[in-house]
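S.K.: Have a look; sequence and predicted model below, questions after that.
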Amino acid sequence: MPIYKAPVADTLFLLNDVLRIGDHGELAGFSEASPDIVAAVLEEAAKLAEQQLQPINLPGDQEGCRRNDDGSVTAPKGFKPAFDAYVQGGWIGLPFDADYGGQGLPYVLATAVNEFFSSANMAFAMYPGLTSGAIAALLTHGSDALKSAYAPKMIEGRWTGTMNLTEPHCGTDLGMLKTKAVRRDDGSFALTGQKIFISAGEHDLSENIVHLVLARIEGAPAGVKGISLFLVPKFLPDASGESGKRNGVSCGSIEHKMGIHANSTCVMNYDDAVGWLVGEENRGLNAMFVMMNEARLAVGVQGLSQSEVAYQNAVVYANDRIQGRSLSGVKNPEKPADPLMVHPDIRRMLFEIRCVNEAGRALALWAALQSDIAHKSADAKAREKASDYLGLITPVLKGVLTDRGFDNCVKAQQVFGGHGYIAEWGMEQFVRDARITQIYEGANGIQALDLVGRKLPANGGRAIMAFLADVGGWLKTNDGDEALKPLLGPLSQSLGHLQQASLWLMQNGMTSPDNAGAAATDYMHLLGLVAMGYMWAQMAKAANSEANSGRPEFIQAKQACATFFIERILPETALRLARVTTGASNMMSLPAELF
Ligand SMILES: Cc1cc2nc3c(=O)[nH]c(=O)nc-3n(C[C@H](O)[C@H](O)[C@H](O)COP(=O)(O)OP(=O)(O)OC[C@H]3O[C@@H](n4cnc5c(N)ncnc54)[C@H](O)[C@@H]3O)c2cc1C
């Protein structure tokens, strides 16, 4: 059976010593998040993840979800008690407003614990995860009546949430969606249509399921400008606000898929289902973007989460399994072979995974902190900058942490040799589960297009220019730091690559959009590499300043990983820049029929 130990010490190091969340006491919820509270929350989350969620991960994958003849769906054994424990712990409400029953703690803390839950059991964590996204959209765009009727029960976890965008003929291109909404006399709407691939669409974990559904009101314009967002509950609330009559929404079937077997992926049929408008008519995509942006960050964290748990298991295996002898002489003379850990190629794989994981965690938490600042700061300039950063980094987190997350799971599986391919070790599950993160919530190619097409040029390139200036400024400030010197030169060079690529895109992407499309994925990875390099430089600085803190091994590992990342992973920025600046002609000139 695979193991999992939540990275509590690493997360505390990031929150307290690198991001210094204690300096943000002016933001709502931050003064309550004292170092003791933060440590206690992480410890409790670790307990739930390690003791309840992780043990049902592999069995849940093997059993999968079952659709019954009456259209109900049963989650695997152990999921209902685990969900009850999750609800009891108040985990869904952690970042939400106390007015609706939440705990009002920082979003950055919620992001940290979500990684633990997702590493322990990604399929499970999606049920509350989608609920959180739906709550965020409802609280931002819902009417007061909808908010008070639904948000408290969802925050409590008695009712869960889903996100319904995809239809059989449209996934990326939502402008084509057909689900129809007809106005009813009482101000509600009747929705008819079919949605596919709806995660957590039907299950037996909660009393009610609240679907957020994109549909087109009769007579609305074609394309994305005619889409509205609706709230459609499985059970309509009765006079007392509890689950009442069954609504016209049902699960037609569940998909048989590559991974996340314990999360029900449903075809949802809407047949004159009663729904209420969320936000303005024909501005549904705008309202849904609250949920989608939150979900994109969460999916980036899912990529990291699978990479982390795969790494931990690969380390145990590399220390246990003996095979071959060390190139530099026998290390284990009393045994017939040395452990895999002595081999440089095994260490290469482990280092590559770990260095990306730790930088990815830092970047995800940094992004979540930007979200806290963007939503809660009293300073308009600070809100604007944080919001720019969040917009810029969200597609990068989603695309880069999931591309690297999947690659890392494959690397960790490789450490196991043939045993990694055998189900009982659990490694092939991590690979299968990680794979979906590159696809849903907007496939990664679409994230890259969002970055170069929308986020980069927005406000005259304000976000990327601020990022380049901030990293450049940090390098200058730390110029005299002898211990950091070996890291600063390479980071400065990579920052130059990002600058050149950004300039090239601004000059060549606007005039020829295919240039932007052809460069998008490489640019996204280039920005991700520089951002992770920046995280490593800051982590190294924080670690150096803690050199005498009484945990020499923690500090030594941080310094070794910083060096490895900067020397062996960051140089990839030169390759990415070279690809970006070749332009589109090498991709676009071959006629379609010659492929
Ligand atoms: C397990 C699972 C769970 C899911 N959960 C949900 C859910 O809860 N709610 C929900 O609404 N949906 C959900 N989805 C749907 C998912 O978000 C879509 O599958 C995804 O957005 C891609 O849409 P598509 O499958 O129609 O692919 P397509 O849109 O057909 O895209 C196919 C490929 O073409 C690329 N492509 C498409 N258009 C362009 C373009 N203009 N430029 C460049 N490249 C392009 C894409 O990047 C992709 O690689 C889920 C899917 C799965 C498999």
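M.R.: Right, received. Where do you want to start?

S.K.: What is the burial count for the closest residue to residue 304 other than its chain neighbours?
M.R.: Counting by CB to CB, 6 or more residues apart in numbering, the nearest residue to residue 304 once its immediate chain neighbours are dropped is residue 360, at 4.5 Å. Any C-beta I mention is one placed from the backbone N, CA and C, and that applies to glycine too. If you count neighbours by other CB atoms under 10 Å, residue 360 ends up with 29.

S.K.: Residue 360 and residue 404 touch, don't they?
M.R.: Yes - using CB atoms under 8 Å, residue 360 is in contact with residue 404, at 7.0 Å.

S.K.: For stretch 332-345, list every residue counted as buried.
M.R.: 338, 339, 340, 341, 342, 343 (16 or more other CB atoms under 10 Å).

S.K.: show me the contacts for residue 479.
M.R.: residue 488 (CB atoms under 8 Å, 6 or more residues apart in numbering).

S.K.: So it belongs to a strand, correct?
M.R.: No - assigned with DSSP: H, G, I helix; E, B strand; the rest coil, residue 479 falls outside any strand and is coil.

S.K.: What does it show for phi and psi?
M.R.: Residue 479 adopts backbone torsions of phi -50, psi -40, taken as degrees, to the nearest 10.

S.K.: Check it and give its pLDDT.
M.R.: Looking at residue 479, its pLDDT stands at 95.

S.K.: Let me know the distance separating it from residue 567.
M.R.: Distance of residue 479 to residue 567, computed by CB to CB, to the nearest Å: 20 Å.

S.K.: Quick check: mean pLDDT of the biggest strand by length in the chain?
M.R.: Criterion DSSP state E: the longest strand present in the chain is strand 265-278. Summarised as a single mean, pLDDT over strand 265-278 is 98.

S.K.: Please apply the same query to stretch 92-105.
M.R.: 96.

S.K.: How about stretch 162-178?
M.R.: 95.

S.K.: hmm, that stretch in reach of the ligand?
M.R.: Yes - residues of stretch 162-178 contacting the ligand under CB under 6 Å from any ligand atom: 163, 164, 165, 166, 171, 172.

S.K.: Could you look up the SS state of the last one?
M.R.: Three states are possible here, and by three-state DSSP the one that applies to residue 172 is coil.

S.K.: For whatever residue of the stretch 51-200 of the chain ends up closest to the ligand, which residues are in contact?
M.R.: Per CB to the nearest ligand atom, residue 171 is where the stretch 51-200 of the chain lies closest to the ligand, at 1.9 Å. Residue 171 sits next to 165, 197 when contact means CB under 8 Å, 6+ apart.

S.K.: Quick one: work out the angle between the strand or helix carrying residue 309 and strand 265-278.
M.R.: Using DSSP states H and E, residue 309 sits within helix 284-320. Counting by axes from the mean of the first three to the mean of the last three CA atoms, to 10 degrees, helix 284-320 lies at 140 degrees to strand 265-278.

S.K.: which other helices and strands contact helix 284-320?
M.R.: helix 107-120, helix 122-141, strand 159-164, strand 208-217, strand 228-233, helix 344-376, helix 380-415, helix 427-437 (3 or more CB pairs under 8 Å, 6 or more residues apart in numbering; DSSP states H and E).

S.K.: Packing partners of the third one?
M.R.: When contacts are defined as 3+ CB pairs under 8 Å, 6+ apart, strand 159-164 sits against helix 122-141, helix 144-156, strand 189-199, strand 208-217, helix 284-320.

S.K.: Quick one: the ones you listed as TSV, columns for mean neighbour count and mean pLDDT too.
M.R.: Formatted as TSV, the helices and strands packed on strand 159-164 follow (neighbours: other CB atoms under 10 Å; pLDDT from 0 to 100):
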stretch	mean neighbour count	mean pLDDT
helix 122-141	25	96
helix 144-156	19	98
strand 189-199	21	98
strand 208-217	25	97
helix 284-320	25	93
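
S.K.: Quick one: those as JSON lines, columns for distance to residue 21 too.
M.R.: JSON lines is the format used below for the helices and strands packed on strand 159-164 (distance: least, CB to CB, whole Å):
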{"stretch": "helix 122-141", "distance to residue 21": "20"}
{"stretch": "helix 144-156", "distance to residue 21": "23"}
{"stretch": "strand 189-199", "distance to residue 21": "30"}
{"stretch": "strand 208-217", "distance to residue 21": "30"}
{"stretch": "helix 284-320", "distance to residue 21": "17"}
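
S.K.: Those residues of the protein touching the ligand, which are they?
M.R.: So far as CB under 6 Å from any ligand atom goes, the chain lies against the ligand at 163-166, 171-172, 197-199, 257, 265, 436, 439-443, 445-446, 449.

S.K.: Using PyMOL, define a selection of the buried residues within those.
M.R.: Typed into PyMOL, the line below selects the buried ones among the residues of the chain next to the ligand, using 16+ other CB under 10 Å:
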select buried, resi 163+164+165+166+171+197+198+199+265+436+440+441+442+443+446+449
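
S.K.: Show me whatever sits in contact with both of residue 360 and residue 404.
M.R.: Common neighbours of residue 360 and residue 404 (CB under 8 Å, 6+ apart) are 303, 307.

S.K.: average model confidence for stretch 544-552?
M.R.: Mean predicted confidence for stretch 544-552 is 83.

S.K.: next one: phi and psi at the residue nearest to residue 347 when sequence neighbours are not counted?
M.R.: In this structure, residue 347 finds its nearest non-sequential neighbour in residue 341, 7.0 Å apart by CB to CB, 6+ apart. The phi/psi pair for residue 341 (degrees, to the nearest 10) reads phi -60, psi -20.

S.K.: again with residue 247
M.R.: Taking degrees, to the nearest 10 as the convention, residue 247 sits at phi -90, psi 170.

S.K.: Which parts of the stretch 451-595 of the chain are strands?
M.R.: For the stretch 451-595 of the chain, applying DSSP state E, counting those that start in this stretch gives no strands.

S.K.: Give me the pLDDT for residue 449.
M.R.: 97.

S.K.: distance of the closest residue to it other than its chain neighbours from residue 46?
M.R.: Nearest residue to residue 449 in three dimensions, chain neighbours excluded: residue 520, at 5.2 Å (CB to CB, 6+ apart). Counting by CB to CB, the gap from residue 520 to residue 46 is 37 Å.

S.K.: can you check residue 339 too?
M.R.: For residue 339, the distance to residue 46 - CB to CB - is 27 Å.
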